[in-house]
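Novice: Need coordinates for the below:
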Amino acid sequence: MSAHVVKLAPSILAADFARLGEQVAEAERAGADRIHVDVMDGHFVPNISIGPVVVKSLRPVTRLPLECHLMIADPDLYLDDFAAAGADSILVHQEGAINLHRTLQHIRKLGKRVGVVVNPATPAVVLQEVLADVDLVLVMTVNPGFGGQQFIASTLPKIRRIRQMIEQVKPGCELEVDGGIDAHTAPQTVQAGANVLVAGSAVFGDKEGVGAAMQRLKASVV
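Specialist: Predicted structure coming up:
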């Protein structure tokens, strides 16, 4: 998979929230394709992050698509709020949706791009019945809840399997990875079939700055 089709989605979970708008703008200037917004509720995952208010405040700051990754219990209760706040894509976990198909249909009716997420221990087969209904699949390459975790290499075979499923069912569907993505692990996931990379600490935690970090990440998948 050539580098020109690999998209970068910096995750604001690792950003400096005192300078959030500035850092998002910096990521946009550095060539980000979208902004990944990690939403955590302290129930589905053992951490609390942000909600629709922050998404709304970011909307006028960037022209990039805002991708809201809902790591929350009962995501159906908040779909309308995130859509109204300015989300362009809404991603829900297979493990957290009581009726996944209904949830995905709701997102579609809101006019947003539809994404489904699977945790490291969740098998690829769970996507079989919904793959035709989504615009992207996100494979967690760490257990969700915290940034800065180490990449779980055993997720690579699953990425390959899901890429095969996508090519058979819906070739236009994006395959995204999230967790421990840096210049070392990114090429492994791209080789396995991923074409969208979520990176938090590797972008916003780089001592040389966001621009240098983005360039390094892009160069790694050439």
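
Novice: how near is residue 164 to residue 53?
Specialist: For residue 164, the distance to residue 53 equals 40 Å [CB to CB, to the nearest Å]. For every residue, glycine as well, the C-beta is placed using N, CA and C.

Novice: again but with residue 133, I slipped
Specialist: Going from residue 133 to residue 53 by CB to CB gives 29 Å.

Novice: Looking only at neighbour counts, state which of those two leads.
Specialist: residue 133 (16 against 10; other CB atoms under 10 Å).

Novice: helix/strand/coil for the residue nearest to the more buried one when sequence neighbours are not counted?
Specialist: Closest residue to residue 133 apart from its sequence neighbours, by CB to CB, 6 or more residues apart in numbering: residue 104 at 5.1 Å. Taking DSSP: H, G, I helix; E, B strand; the rest coil as the rule, one finds residue 104 in the helix state.

Novice: surely residue 147 meets residue 202?
Specialist: No - judged on CB atoms under 8 Å, residue 147 makes no contact with residue 202 at a distance of 10.0 Å.

Novice: Of those two, which one has the most company?
Specialist: Using other CB under 10 Å as the criterion, residue 147 and residue 202 rank with residue 202 on top: 26 against 21.

Novice: Find me the pLDDT at the more buried one, would you?
Specialist: pLDDT recorded at residue 202 is 95.

Novice: residues contacting it?
Specialist: By CB atoms under 8 Å, 6 or more residues apart in numbering, residue 202 lies in contact with 181-183, 213, 217.

Novice: any idea how far it lies from residue 28?
Specialist: From residue 202 across to residue 28, the span is 17 Å (CB to CB).

Novice: same question, residue 170
Specialist: Where residue 28 is concerned, residue 170 sits at a distance of 29 Å (CB to CB).

Novice: Show me which of the two is the more surrounded one.
Specialist: More crowded of residue 170 and residue 28, by other CB under 10 Å: residue 28, with 18 against 15.
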